[in-house]
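> Kindly return the folded structure for what I paste below:
(chains A and B)
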Amino acid sequence: DTGVSQDPRHKITKRGQNVTFRCDPISEHNRLYWYRQTLGQGPEFLTYFQNEAQLEKSRLLSDRFSAERPKGSFSTLEIQRTEQGDSAMYLCASSLARSSGRATGELFFGEGSRLTVL
Amino acid sequence: TQLLEQSPQFLSIQEGENLTVYCNSSSVFSSLQWYRQEPGEGPVLLVTVVTGGEVKKLKRLTFQFGDARKDSSLHITAAQPGDTGLYLCAGPGRAGGTSYGKLTFGQGTILTVHP
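Next up is the predicted model:
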């Protein structure tokens, strides 16, 4: 399978614990995005990378959240000191940006990592 | 902040019926996209509309972009149980900008088609 893969698919944790999610994008895609989706809502943008550079972060991304893409390939999203309000589906997506800097416009999403904070 | 409002939020119909889902905004978008999401899966792109007034067809699905590029609609003809899912419209994060992935999504329309 050459699509976007995310791990783990499900994570149940206790409030206050740290969790980390991993995303492996489509191999030739240079842009990687993290979104968060709560039940009954559309996805909300969190952050995105062009290669290894994190170019934008949403105000939704509090100091407890950190994302990395150290080698421009896979990415990790860590949530420290989890709170019940962090319970959501965390979606990763990737796309290919042209040399002009403009994206092709299509995002390929992974299946998501569902987080439940008790 | 650009907002996309979708209506209706929920739609429950019988197989064979037609339906329309609406996506509206007070802002102008350079393009709008429609995604379909099944439970436990990520959204999958259905179509991108770019030109005001544009109509695109994908089998039984017809997508239209408003003349002023502030709204879009998705019409499904003769719905089938396999059409069941969450339908999302999305636009680029800034007006007039090219989509670089920072998409603003509507809240979605949950469609259930009963056999």
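> which SSE is the residue nearest the centre of chain A in?
Among the residues of chain A, the one closest to the centroid is residue A:34, at 2.8 Å (Cα atoms, centre = their mean). Taking DSSP states H and E as the criterion, residue A:34 maps to strand A:31-37.
> how distant is that strand from the center of its chain?
Distance of strand A:31-37 from the chain centroid (Cα atoms, centre = their mean, to the nearest Å) equals 4 Å.
> in the chain, which helix or strand is least confident?
Unless you meant another one, I'm taking chain A. strand A:53-57 (a mean of 89; mean pLDDT, DSSP states H and E).
> my question was about chain B
None of the helices or strands of chain B scores lower by mean pLDDT, DSSP H and E than strand B:103-105, at a mean of 90.
> outside of it, which residues touch it?
A:42-45, A:107, B:2-4, B:33, B:35, B:88-93 (Cβ atoms under 8 Å, 6 or more residues apart in numbering or on different chains). (C-beta placed from N, C-alpha, C; glycine too.)
> ok, back up a step: so the closest residue to the residue nearest to the centre of chain A other than its chain neighbours, which of the three states?
Excluding its sequence neighbours, the residue lying closest to residue A:34 (Cβ to Cβ, 6 or more residues apart in numbering or on different chains) is residue A:46, at 4.3 Å. Assigned with DSSP: H, G, I helix; E, B strand; the rest coil, residue A:46 falls in the strand class.
> Do I have it right that residue A:46 meets residue A:58?
Yes. Contact criterion Cβ atoms under 8 Å: residue A:46 and residue A:58 qualify, at 5.3 Å.
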